[in-house]
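Participant: After the sequence you'll find the predicted model.
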Amino acid sequence: MPRWILLAAMATVGALAATAGDAAASAPTAASAAEPQGKKGEPVCPYCKNDEKVLEGAALKGHGKMPFGKNNSDEIKRFLSYTNPLFIESKHFRIGSLLESYTIPESDWKAYAAEFAELRKVLPAVPAKPKVLDPWLRLHLYALRCEKRYERFLKIIQRKEEDFPDKRIFGAPYMGEGRYLGMQDKYEVFLHKDLRTFTDLLREHSGSTTKKTKREHYVERGALGVHIPMTDEVRADLDLYAHLTHNLGHLFHVGYKHYTYEPPKWLEEGFAHVFEKEVNPEYNSFDSEEAATADMYEGDDWYGAVVKVIDRGRAAPLADLVHRSSFSSFGKEDHLIIWSKVEFLMSKPDLMAKLFDSLAGRLNKEGFGDGSNLQGVQRDFFKKEAGWTFEEFDREWEKYVRKTYITKKP
């Protein structure tokens with residue numbers, strides 16, 4: 001049965017707005033004062049032991065104080081003093097978590113096998129086949145998952161770590177303002193156990209009162225992040241992973257070569273759908289602006305549904321989609337179509353990478369980010385790189401759908 005969730009779009013936090021234009025069953029269940037304390041006063045993780053050599057081998061910085069949100073992890077702990085958040089910093093991420101223990105359904109055991117095997121290579125204390133994910137193990141598991149999705153995005157855009165310098169290099173091709181796909185600081189994820197901590201912290205950090213997943217842009221640090229509340233829609237761990245992946249798709253996309261303007265909404269949301277379905281084809285997330293409600297498609301067979309939309313003559317043409325300026329402008333059928341059109345582009349890896357590259361990091365004559373006339377940029381791109389007008393793109397996409405979707409199942 002398909003599952004879905006609604007989320008809010010990006011909020012900007014800071015003095016400036018974006019220019020031009022969010023184990024075993026007996027293992028510990030929460031961090032507490034009763035747990036062993038490390039030399040810096042933080043609780044000791046039962047898997048890495050806060051050991052510097054173990055952390056280095058796992059490409060982790062640790063669980064101690066780190067920048068996060070509008071201040072840092074220690075300030076968040078003080079603000080949420082009625083609970084006990086855990087933190088971890090990896091190569092490209094800072095993650096805060098209030099997730100509680102989770103019993104893995106027997107039907108899902110195989111889905112975790114490769115992840116546990118990979119964790120055990122660097123954290124031997126992780127059980128080979130844990131039936132319960134305790135809070136510390138979930139924290140390490142999500143650090144692994146986030147890094148894997150980061151690697152996947154680098155592959156999609158056909159870039160390497162060294163393509164992104166620490167700071168902007170004037171006179172060289174523009175690659176953003178920092179090493180994290182062009183952002184100055186690491187990506188941030190906070191996984192909340194309920195709406196109480198979610199609304200409390202979000203209100204404190206950005207003033208938002210939404211009860212939906214929220215992405216954030218901390219302008220002064222050059223960091224992008226997302227807050228996700230644990231609600232019934234993401235109670236299952238694999239559903240939460242899919243939902244997080246949808247949001248990482250958005251963050252990576254807008255962060256590529258620095259977030260200074262909004263990318264085309266059809267491409268941003270369509271890519272997030274594709275990215276999400278790579279990890280869980282049955283789970284779907286839908287974006288809307290904070291004061292709006294997304295029109296969500298609740299069926300399970302997106303392949304068959306796309307064919308039906310085409311047969312009814314209701315598939316939105318690309319010439320229309322490139323002019324949509326908000327997530328709320330997409331109806332149920334539109335979500336199917338933008339997912340499918342991006343999925344078509346993903347079948348042509350070089351073209352997909354070039355499209356991302358052509359739309360990201362555009363500068364005006366003064367050297368500032370310039371997101372003007374992206375409709376024309378897309379038109380010129382497809383004509384130059386593929387020899388297609390928008391209408392010819394649609395015809396090639398429809399041929400792809402009719403050739404490949406007939407044999408695909410959800």
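Facilitator: Right, received. Where do you want to start?

Participant: which parts of the longest helix anywhere in the chain are buried?
Facilitator: The helix that spans the most residues within the chain, counting by DSSP state H, is helix 135-157. Residues 135-147, 149-150, 152-154, 156-157 are the ones in helix 135-157 that count as buried (16 or more other Cβ atoms under 10 Å). Every residue, glycine included, has its C-beta placed from N, CA and C.

Participant: Let me know the next secondary structure element after that helix.
Facilitator: Past helix 135-157, further along toward the C-terminus, the next helix or strand under DSSP states H and E is strand 187-192.

Participant: what's next to that following strand, contact-wise?
Facilitator: For strand 187-192, the external contacting residues (Cβ atoms under 8 Å, 6 or more residues apart in numbering) are 68-69, 92-99, 142, 146, 150, 180, 198, 201, 216, 218, 223-230, 240, 244, 248, 251-252, 255.

Participant: Show me what counts as buried in the next helix or strand after that strand.
Facilitator: Once the chain leaves strand 187-192, the next helix or strand it forms, by DSSP H and E, is helix 195-206. For helix 195-206, the neighbour count (16+ other Cβ under 10 Å) marks 197-199, 201-202, 204-206 as buried.

Participant: Now find how far off-centre helix 195-206 is within its chain.
Facilitator: Centroid separation for helix 195-206 versus its chain: 20 Å, with Cα atoms, centre = their mean, to the nearest Å.

Participant: Check which helices and strands the following helix or strand past it sits against.
Facilitator: With elements assigned by DSSP H and E, the helix or strand that comes after helix 195-206 is strand 213-218. If contacts are counted by 3 or more Cβ pairs under 8 Å, 6 or more residues apart in numbering; DSSP states H and E, strand 213-218 sits against strand 3-13, helix 195-206, strand 223-229, helix 237-255.

Participant: And the longest one, what does it pack against?
Facilitator: Where contact means 3+ Cβ pairs under 8 Å, 6+ apart, helix 237-255 is packed against strand 3-13, helix 135-157, strand 187-192, strand 213-218, strand 223-229, helix 265-279, strand 283-288.

Participant: want to throw the buried residues of helix 195-206 into JSON lines with distance to Asn84?
Facilitator: Formatted as JSON lines, the buried residues of helix 195-206 follow (distance: Cβ to Cβ, whole Å):
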{"residue": "Thr197", "distance to Asn84": "11"}
{"residue": "Phe198", "distance to Asn84": "16"}
{"residue": "Thr199", "distance to Asn84": "18"}
{"residue": "Leu201", "distance to Asn84": "14"}
{"residue": "Leu202", "distance to Asn84": "19"}
{"residue": "Glu204", "distance to Asn84": "17"}
{"residue": "His205", "distance to Asn84": "19"}
{"residue": "Ser206", "distance to Asn84": "23"}
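
Participant: picking that back up, among the helices and strands packed on helix 237-255, which is nearest Trp397?
Facilitator: Ranking those by proximity to Trp397 (Cβ to Cβ) places helix 265-279 first, at 11.6 Å.

Participant: And the average pLDDT for that closest one is what?
Facilitator: Computed over helix 265-279, the mean pLDDT rounds to 97.

Participant: looking at this, Phe356 is in a strand?
Facilitator: No: according to DSSP: H, G, I helix; E, B strand; the rest coil, Phe356 belongs to no strand; its state is helix.

Participant: In contact with the spatially most central residue of the chain, which residues?
Facilitator: In the chain, the C-alpha nearest the mean C-alpha coordinate belongs to Leu248, at 0.8 Å (Cα atoms, centre = their mean). By Cβ under 8 Å, 6+ apart, the contact set of Leu248 is 146, 149-150, 153, 187, 226, 275.

Participant: mind running it again at 10 Å?
Facilitator: Contacts of Leu248 were listed using Cβ atoms under 10 Å, 6 or more residues apart in numbering, and they are 93, 145-146, 149-150, 152-153, 187, 189, 215, 224, 226, 255, 272, 275-276, 279.

Participant: same deal with Glu147?
Facilitator: Residues near Glu147 by Cβ under 10 Å, 6+ apart: 59-60, 90-93.

Participant: Between the residues you listed, which sits nearest Tyr400?
Facilitator: Of all those, His92 has the smallest distance to Tyr400: 33.0 Å, by Cβ to Cβ.

Participant: Identify the residue spatially nearest to the closest one, adjacent ones excluded.
Facilitator: Spatial nearest neighbour of His92, chain neighbours left out: Tyr150 (5.0 Å); criterion: Cβ to Cβ, 6 or more residues apart in numbering.

Participant: any idea how far the one you found is from Tyr174?
Facilitator: Here the criterion is Cβ to Cβ, to the nearest Å. By it, Tyr150 lies 21 Å from Tyr174.

Participant: Glu268 too?
Facilitator: For Glu268 relative to Tyr174 (Cβ to Cβ), the value is 20 Å.

Participant: Quick check on those two: which one has the bigger neighbour count.
Facilitator: Taking other Cβ atoms under 10 Å, Glu268 and Tyr174 do not tie; Glu268 has more neighbours (20 against 17).

Participant: need the contact list for the closest residue to that one other than its chain neighbours.
Facilitator: Distances taken as Cβ to Cβ, 6+ apart place His253 nearest to Glu268, at 5.3 Å, with adjacent residues excluded. The neighbours of His253, taking Cβ under 10 Å, 6+ apart as the test, are 153, 156-157, 181, 259, 263-264, 267-269, 271-272, 275, 356, 359-360.

Participant: His323: which of these is nearest?
Facilitator: For the contacts of His253, the nearest to His323 is Pro264 (9.2 Å; Cβ to Cβ).

Participant: Counting neighbours, what do you get for the closest one?
Facilitator: When neighbours are counted by other Cβ under 10 Å, Pro264 registers 22.

Participant: For it, give me its contacts.
Facilitator: The contact partners of Pro264, by Cβ under 10 Å, 6+ apart, come to 253, 270, 321-325, 338, 355, 359, 371, 374-375, 377-378.

Participant: Please name the residues that touch Leu224.
Facilitator: Counting by Cβ under 10 Å, 6+ apart, Leu224 touches 10, 22, 180-181, 183, 185-188, 215-218, 247-248, 250-252, 254-255, 259.
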